[in-house]
Each structure stands twice: as C-alpha cells, then as structure tokens.
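Colleague: quick one, what's the 3D model for this:
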Amino acid sequence: MAKNVLPRRQMTAKQWLQHPGCHDLLAGRINLLGGPIESNKSTYLALRAALHSALGLKVGIMSSEDEWNDYGPRLVAAGADIGRCAFRETAYTFPDSTETVMRWVKRDRISLLIIDLANDYVRGRRLRDAYRPLKTACARAGCTVLMALHTNKGLRPGQRAIDAFPGPPREIQGLAKVALVIAKSQEDPLGLRHVGSAKGNYREPQPSMSYAVESIDLEPDENTGVAEPIHDVVLLRPVGPCPLTSEEILQQASKVGQAEEDDAPARSEASRVLAEILKDGGKHKVSEIRQVTDQMGLSWSTVKRARVLLGVEHSREKGSNDHYWHAPTGPLAELRQGDDPDGPEADPDWTVPDA
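Modeller: Next comes the predicted model:
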C-alpha cells in the first residue's frame, strides 16, 4: 500500500525591481522607506516613480497631504513620463480600502504603488494589521509597494536602523522584508541626502547611496502639463556610493537636528499660533491655516515642524480635495491644555504623521 506523500510546493527565486542609481526593491512585496521629518522622503519617492516610468511601466502614487500641484512638479523635475504616473488624493483607509485600491492597480496596470505617508492611511489599527491584506493582494497581482514612514528620533545604543521605524519589532517592520532609511548629511545638510539599507532578508545589503539635493525651474510644456513657469522645484540626483551604514546615516542625521535647534523660538511661536487656531477642536482647512501663518511671517516648514510637535492630526473629507488639520486626540492631546510644545515627549518611540 502506497504511503501518503505530502504534495510538493513550487519554489521560485525572488524577483527584484531595479532602478538605476537606487537600492533594489523586492518585487511584488511591501518595501519601506523611513527617515526623519524633512529628509526629502517624498522627493526620493518621486525619483523612484520617475525612474520606473522611464522603463515604460505604470506608477500609482497615493499622497496623504500633497496635491497634484505639489507632487507633479517633482515628478517632472525628476524626468518622469507623466502619462505613466497615476495620482490619487482620495482619503483611503486601510485595510477597508484594500479592494478599492487593488481595482485601481489592476485597471491601470500599476506595477509600482507608492504610499506617502503610510501612517496617514490607518485609523485605529496596528500598521501590520492594516496593511497585511494589501501585502497579500499585491503579491498576487505582482505589484511592488514602496511606502514612506517617519523614523523615531535617533537610535539608542545597540539599536539597529530598522528599530527606528515606529512600533514594536513585529509591527510594520516584520511585514516588509526590505527597508531603506534616508536622512540629511551631517556635512552638507542642505545639499546632500544619504540612503541606506536597514533590512534585507534575502541577500547581502547593498552599499549606501548619496543623492545631491538640487532645484530647477520648469518651463511651460503641454506634454508634461506644466501650464506656467514653476521655479525652484526640488529633485534628488544620484551621486554614488556612501561609506556610512544605515545606523550611521540616522545617527549623524540626529546631530544635524541638534544643530538646527536655533529655530526653536520661531517653532514655539508657530506652535502657539497653531494651538490658538485649533483650540476649538474643529477641523480647519490647511490652505486657510497657511494663509494665516504666511501673513504672520512664519515659514511653512516651521509650521509643519510645530504640527509634528503638537501631534496635530490630518484628515480629508470623502469626495473632497480639501485637507484639514485638527487638534490631537492621541497621546499628545494634553498639549492643547497649554503644555510646552518644545518639551520632551512622554514616549520617545511615539511618532505622528508628517505634513
């Protein structure tokens, strides 16, 4: 009598998505990009999208705050084939929106899906639980995912770069097998960014890479949709390998942050103004908040840093293109009662969405 034999399962080699001058991504899987605030994560994502479209492939981009008029110029500056870049400002929420997003992916034959920022598309769920269905669906569809998140402030002794991603080790870090970090250069914080491999389960990590921060002016062009001159559009240009490890990239970036503490007075003023606007607990249009802060001479980048310190939350109404900020309801809600916005955080591992 023949013995029962377990059926054999097929095993195939891992496939990699390669873009010139960048780290390889694991094809058909979730890949992470983490970095401190204002480390040009979105600009790096625009570069990856441009390189992917240049290969004749389709890119889907989900941005939680940037509108097309903000994101589009960065794609054009990076040399993207705009006709192959699909952009969504819809207020998706995972895992509930997984099927809706996958219908879009399949209909438009998107092979690279960019989610910027991943935190903003989750409400009341662990990141791992929220994105697990998307991981399964994209693997079946052969769509690669690259999602951006904020890293925590610096690394404690003995920590690895992957530990800087928000949440416990089995959170979003466990869901992805490839993770990259991006941060400012300590030697040239205005003109250089470093990208390193924080996780790579299936082969030796690739060397870190450096990118020059540049800006160009865009001229009107009906092929790209640029209707009028747009000045000083930021882009990243690959310049070659970097000797720093991913841990060193984050560690030296934290020193850059210490050197930038001289903007504390302006940030405190921005925090005060923002708290005053949002003290009623209601939702306020971001465009209207910016009008107020511009009139007061506050830098928008300083206001966005104040937003992070205050834990101000972001939302969008379904079917609307308007962005809203409202007072925090989470761990930093006590700041609404007048706590010092520049004081130490109660939990150094707790992060809030970017602006």
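Colleague: report the beta-bridge partners for the residue most central in space within the chain.
Modeller: Compute the mean C-alpha point of the chain, and by CA atoms, centre = their mean the closest residue is Ala148, 2.9 Å away. With beta bridges defined as DSSP bridges, Ala148 has these partners: Leu33.
Colleague: spit out the contact partners of it.
Modeller: With contacts defined as CB atoms under 8 Å, 6 or more residues apart in numbering, Ala148 is in contact with Leu32, Leu33, Gly34, Gly35, Lys41, Ser42, Leu45, Ile114, Ile115, Asp116, Leu117, Ala118. Any C-beta I mention is one placed from the backbone N, CA and C, and that applies to glycine too.
Colleague: restricted to helices, list these.
Modeller: Lys41, Ser42, Leu45 (DSSP state H).
Colleague: now the residue nearest to the centre of the chain: how far from Leu175?
Modeller: 15 Å (CB to CB, to the nearest Å).
Colleague: how far off centre is stretch 103-122?
Modeller: Its chain's C-alpha centre lies 13 Å from the corresponding centre of stretch 103-122 when counted by CA atoms, centre = their mean, to the nearest Å.
Colleague: which residues touch the residue nearest to Arg170 when sequence neighbours are not counted?
Modeller: Setting aside the residues directly before and after it, Arg170 is nearest to Arg128 in space (CB to CB, 6 or more residues apart in numbering), at 7.0 Å. Shown in contact with Arg128 (CB under 8 Å, 6+ apart): Gly167, Arg170, Glu171, Ile172, Gly174, Leu175.
Colleague: one more time with 7 Å, if that's ok
Modeller: Arg128 is in contact with Arg170, Glu171, Ile172, Gly174, Leu175, counting by CB atoms under 7 Å, 6 or more residues apart in numbering.
Colleague: report how many residues lie close to Glu276.
Modeller: Glu276: 10 surrounding residues under other CB atoms under 10 Å.
Colleague: could you pull out the buried residues of the helix or strand encompassing it?
Modeller: Of the helices and strands defined by DSSP states H and E, Glu276 is found in helix 264-278. Of the residues in helix 264-278, those with enough neighbours to count as buried (16 or more other CB atoms under 10 Å) are Ala266, Arg267, Ser268, Glu269, Ala270, Ser271, Val273, Leu274, Ala275, Ile277, Leu278.
Colleague: ok, then the element right after that helix?
Modeller: Under the assignment DSSP H and E, the closest C-terminal helix or strand after helix 264-278 is strand 284-285.
Colleague: paired strands for that next one, with orientation please.
Modeller: The strands that strand 284-285 pairs with in its sheet are strand 323-326 (antiparallel) (by DSSP bridges).
Colleague: quick check: mean pLDDT across the partner strand?
Modeller: Over the span of strand 323-326, the pLDDT mean works out to 82.
Colleague: over to stretch 54-64?
Modeller: Stretch 54-64 shows an average pLDDT of 95 in the prediction.
Colleague: then it to CSV, C-alphas only?
Modeller: Listed in CSV are the C-alpha atoms of stretch 54-64, where the atom choice follows Å, rounded to 0.1, in the frame of the first residue of the first chain:
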residue,chain,number,x,y,z
ALA,A,54,11.1,55.7,-17.7
LEU,A,55,11.2,51.9,-18.0
GLY,A,56,7.8,52.1,-19.7
LEU,A,57,6.0,50.9,-16.6
LYS,A,58,3.0,52.4,-14.7
VAL,A,59,3.3,54.0,-11.2
GLY,A,60,0.4,54.7,-8.8
ILE,A,61,1.0,57.4,-6.2
MET,A,62,-1.1,57.9,-3.0
SER,A,63,-0.2,61.1,-1.2
SER,A,64,-1.9,61.9,2.1
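Colleague: output the below-cut-off pLDDT ranges for the stretch 1-150 of the chain.
Modeller: Across the stretch 1-150 of the chain, the ranges flagged by pLDDT under 70 are 1-3.
Colleague: in it, which spans are helices?
Modeller: If DSSP state H, counting those that start in this stretch is used as the criterion, the helices of the stretch 1-150 of the chain fall at 41-54, 68-77, 98-107, 127-141.
Colleague: for the longest one, buried residues please.
Modeller: Applying a neighbour-count criterion of 16+ other CB under 10 Å, one finds Leu127, Arg128, Ala130, Tyr131, Arg132, Pro133, Leu134, Lys135, Ala137, Cys138, Ala141 buried in helix 127-141.
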